[in-house]
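> Sequence and computational prediction follow.
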Amino acid sequence: MASPSTAEGSAKARLVLLTLASGQFLMALDSSVMNVSIATVAEDVGTTVTGIQGAITAYTLVMAMFMIPGGKVGALIGRRRAFMIGCCVYGAGSLTTALAPNLSVLLVGWAFLEGIGAALILPAIVALVAGNFSVERRPAAYGLVVAAGAVAIAVGPLIGGVATTYFSWRWVFAGEVVVVLAILVLARRIADAPPGERRSVDYGGAVLSALGLGTFVYGVLRSDEWGWFQPKPDAPSWIGVSLTTWLMLAGLLLIRLFLHWEAKVVERGRDPLVDPDMLRNKQLTGGLTMFFFQYLVQMGVFFVVPLYLSVALGLSALETGARLLPLSVSLLAAATLIPRFLPDVSPRRVVRLGTLALLAGAVVLMAAIDAGAGAEIVTLPLLLIGLGMGALASQLGSVTVSAVPQAQSAEVGGVQNAVTNLGASIGTALAGSIMIGALTASFLTTVEANPAVPDSVKNQATAQLQSGAPFLSDAQLATALDEAGTSPEVAEAAMAANADARLDGLRAALAILAFAALIALFFTQRIPSTQPRSTEP
């Protein structure tokens, strides 16, 4: 059998990489493709926007809950088999979603089946890259695979916009079925490590990890509605503290119990879901920490920038997607070219420079957003952010997997994807909360200072916006003011205040993302300074 190093330059190796990158692209696409079509999907299946948002939340929850057990499945039955089974489950979910007549069927297909499929596929991809490419070539392979996922998030709104505008949102999921079939045909070329020794399954660990991650992520996802610490009006609370805080604390406690349980499983000589000793590895935890911050900043940016383009500037879904393309181009370039032309570069230096690029991009974008600014101002910041994301993608996957024996690569894949899921959830929720909080404060302050607005209107605005002002376009606000019968003077003041408040909210969200990138710089020291090398003869 040809070794990975002898096969890497061949067409077979390129096909393997294309197959795995396609799987990663497909998994990430669902996180962004329908965001521009929520209202259309809701109307088509006879539900509300809240119902569709609940389906998206459920999809995220299912992935978070089963990602670590999904990694262990690959170790038990074989990585390629887990990958192909996951593709079958995911394809069944996509087909169910494409044909869904109502919300219940949509939930089964989109949230449950696709979520379970993703929990099997994503950890297997990490392990299969490790098994099909030598240590020296893994940075380039991981870079392309991770970049494929990030590109999917960037072009998702464009794909969703085209499908919804000219065809139907259902064609997106039907197209996913076709892609899954192609992946299943090509997956036969992927080399697979033999499954591990059949030992007892750690059901207790699976339950604790699922409950811990699911509870924590659910709390984060409800933060916009409930508030992070101080409960919003009519939001659930306990002893005056938002239920979000309690859910996050409960999730952390369950994760701590999970790690304690795993230590006891090892003491009894049984097979743990995740070996706790693995998490004491400085290189592995350093890579996981940087993955967390990368996805926190990345998903925050993908939340903020489309809002600026589509709501503040009024661009269409197609125009918004086109403006995000510079990020995809620079991301792909950095992820593929850095390992190719700088194979011996220090991973720590690349990660540090990539994090600085994320920080610089967020700061430049924050400074560029201003009244009268056009869509062109996002180009340079997105190029910087794409370069940063690509630089991190080119190194972190190899850093985490090379930190442990290859036999544990599937478990690393499960933990790695659980961490990135946490980072993505927190990044989106944090950016959204900060943005709405700053927008509301700015709007109310401006209205209060305007003598043209009657005191009765000021008091009414303060009372109605206690839980946060909505992020509205000029057209949406004008329609609402007209329906409310507002006087021209008050309407003009509200329009001006809303325009300024939107920008203040966007700047505040970008500021918190820049701060997160700054914090991440302090953890780059845990990344190794030399590239891993193969110990094979």
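Nice, I can see it.
> drop to CA atoms for contacts and neighbour counts, all remaining ones
OK.
> Run a quick neighbour tally on residue 522.
10 (other C-alpha atoms under 10 Å).
> what's in contact with stretch 425-437?
With C-alpha atoms under 8 Å, 6 or more residues apart in numbering as the test, stretch 425-437 has contacts from 217, 220-221, 223-224, 227, 295-300, 303-304, 468-471, 504-510, 512-513.
> Kindly supply the ChimeraX command isolating those of these that are buried.
The buried subset of the contacts of stretch 425-437, as determined by 16 or more other C-alpha atoms under 10 Å, is captured in ChimeraX by this line:
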select :217,220,221,223,224,227,295,296,297,298,299,300,303,304,468,469,471,504,505,506,507,508,509,510,512,513
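> Go through the contacts of stretch 425-437 and flag which are in helices.
Using DSSP state H, the subset of the contacts of stretch 425-437 located in helices is 217, 220-221, 223-224, 295-300, 303-304, 504-510, 512-513.
> got the buried residues for the helix or strand harbouring residue 61?
Residue 61 belongs to helix 49-77 when elements are defined using DSSP states H and E. Applying a neighbour-count criterion of 16+ other C-alpha under 10 Å, one finds 49, 51-52, 55-76 buried in helix 49-77.
> ok, then the element right after it?
By DSSP H and E, the next helix or strand past helix 49-77 is helix 79-99.
> other SSEs contacting that following helix?
helix 49-77, helix 103-106, helix 114-132, helix 170-186 (3 or more C-alpha pairs under 8 Å, 6 or more residues apart in numbering; DSSP states H and E).
> Nearest approach to residue 84 belongs to which of those helices?
helix 170-186 (6.3 Å; C-alpha to C-alpha).
> Show me what that closest one is packed up against.
Using 3+ C-alpha pairs under 8 Å, 6+ apart, helix 170-186 sits against helix 11-29, helix 79-99, helix 138-166.
> among those, which is nearest residue 43?
helix 138-166 (12.5 Å).
> May I see the buried residues of that closest one?
In helix 138-166, counting by 16+ other C-alpha under 10 Å, buried: 138-164.
> follow-up on the earlier one: quick check: mean pLDDT across the helix holding residue 61?
What helix 49-77 shows for mean pLDDT is 82.
> Helix 114-132 and that one, what's the angle between them?
40 degrees (axes from the mean of the first three to the mean of the last three C-alpha atoms, to 10 degrees).
> Just checking the distance from stretch 433-445 to the centre of its chain.
Relative to the mean C-alpha coordinate of its chain, stretch 433-445 is positioned 24 Å out (C-alpha atoms, centre = their mean, to the nearest Å).
> Give the buried residues for that stretch.
433, 434, 435, 436, 437, 438, 439, 440, 441, 442, 443, 444.
> want to try a markdown table for these, with pLDDT, distance to residue 85 and secondary structure as columns?
Converted to a markdown table, the buried residues of stretch 433-445 look like this (pLDDT from 0 to 100; distance: C-alpha to C-alpha, whole Å; DSSP: H, G, I helix; E, B strand; the rest coil):
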| residue | pLDDT | distance to residue 85 | secondary structure |
| --- | --- | --- | --- |
| 433 | 85 | 38 | helix |
| 434 | 88 | 40 | helix |
| 435 | 87 | 40 | helix |
| 436 | 84 | 41 | helix |
| 437 | 82 | 44 | helix |
| 438 | 85 | 45 | helix |
| 439 | 84 | 46 | helix |
| 440 | 83 | 47 | helix |
| 441 | 83 | 50 | helix |
| 442 | 82 | 51 | helix |
| 443 | 78 | 51 | helix |
| 444 | 78 | 53 | helix |
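> ok, so of those, who is nearest residue 19?
Of these, the one sitting nearest to residue 19 (C-alpha to C-alpha) turns out to be residue 433, at 37.3 Å.
> what about the closest one, distance to residue 408?
37 Å (C-alpha to C-alpha, to the nearest Å).
> for the stretch 351-500 of the chain, what spans make up the helices?
379-401, 409-449, 455-464, 474-483, 488-521 (DSSP state H, counting those that start in this stretch).
> just how off-centre is stretch 218-229 within its chain?
With C-alpha atoms, centre = their mean, you get 17 Å for stretch 218-229.
> how would you label the closest residue to residue 528 other than its chain neighbours: helix, strand or coil?
By the measure of C-alpha to C-alpha, 6 or more residues apart in numbering, the closest residue to residue 528 outside its immediate chain neighbours is residue 348, 5.7 Å from it. With DSSP: H, G, I helix; E, B strand; the rest coil as the basis, the three-state label of residue 348 is helix.
> and residue 348, what does it touch?
Applying C-alpha under 8 Å, 6+ apart, the residues contacting residue 348 are 524, 525, 526, 527, 528, 529, 530.
> hmm, back to that, I'd like the helices of the stretch 351-500 of the chain as TSV, with distance to residue 91 appended.
What follows is the helices of the stretch 351-500 of the chain, written out as TSV (distance: least, C-alpha to C-alpha, whole Å):
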stretch	distance to residue 91
helix 379-401	26
helix 409-449	20
helix 455-464	44
helix 474-483	37
helix 488-521	35
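> rank those by mean pLDDT and give me the bottom one.
The bottom spot among these, by mean pLDDT, belongs to helix 455-464, with a mean of 64.
> quick one: which of the helices and strands packed on helix 170-186 is nearest residue 117?
Of those, the one closest to residue 117 (C-alpha to C-alpha) turns out to be helix 79-99, at 4.2 Å.
> Compute the inter-axis angle for that closest one and helix 114-132.
150 degrees.
> got the CA positions of helix 79-99 in PDB?
Provided in PDB are the C-alpha atoms of helix 79-99 (Å, rounded to 0.1, in the frame of the first residue of the first chain):
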ATOM      1  CA  ARG A  79     -13.200   7.100  10.300                       C
ATOM      2  CA  ARG A  80     -14.300   6.600   6.700                       C
ATOM      3  CA  ARG A  81     -17.300   4.500   7.600                       C
ATOM      4  CA  ALA A  82     -18.400   7.200  10.100                       C
ATOM      5  CA  PHE A  83     -17.900   9.900   7.400                       C
ATOM      6  CA  MET A  84     -20.000   8.000   4.900                       C
ATOM      7  CA  ILE A  85     -22.800   7.100   7.400                       C
ATOM      8  CA  GLY A  86     -22.800  10.800   8.400                       C
ATOM      9  CA  CYS A  87     -23.200  11.800   4.800                       C
ATOM     10  CA  CYS A  88     -26.100   9.400   4.400                       C
ATOM     11  CA  VAL A  89     -27.900  10.800   7.400                       C
ATOM     12  CA  TYR A  90     -27.100  14.300   6.400                       C
ATOM     13  CA  GLY A  91     -28.400  13.700   2.800                       C
ATOM     14  CA  ALA A  92     -31.600  12.200   4.200                       C
ATOM     15  CA  GLY A  93     -32.000  15.300   6.300                       C
ATOM     16  CA  SER A  94     -31.400  17.600   3.300                       C
ATOM     17  CA  LEU A  95     -34.000  15.700   1.200                       C
ATOM     18  CA  THR A  96     -36.500  15.800   4.100                       C
ATOM     19  CA  THR A  97     -36.000  19.500   4.400                       C
ATOM     20  CA  ALA A  98     -36.300  20.100   0.700                       C
ATOM     21  CA  LEU A  99     -39.700  18.400   0.700                       C
END
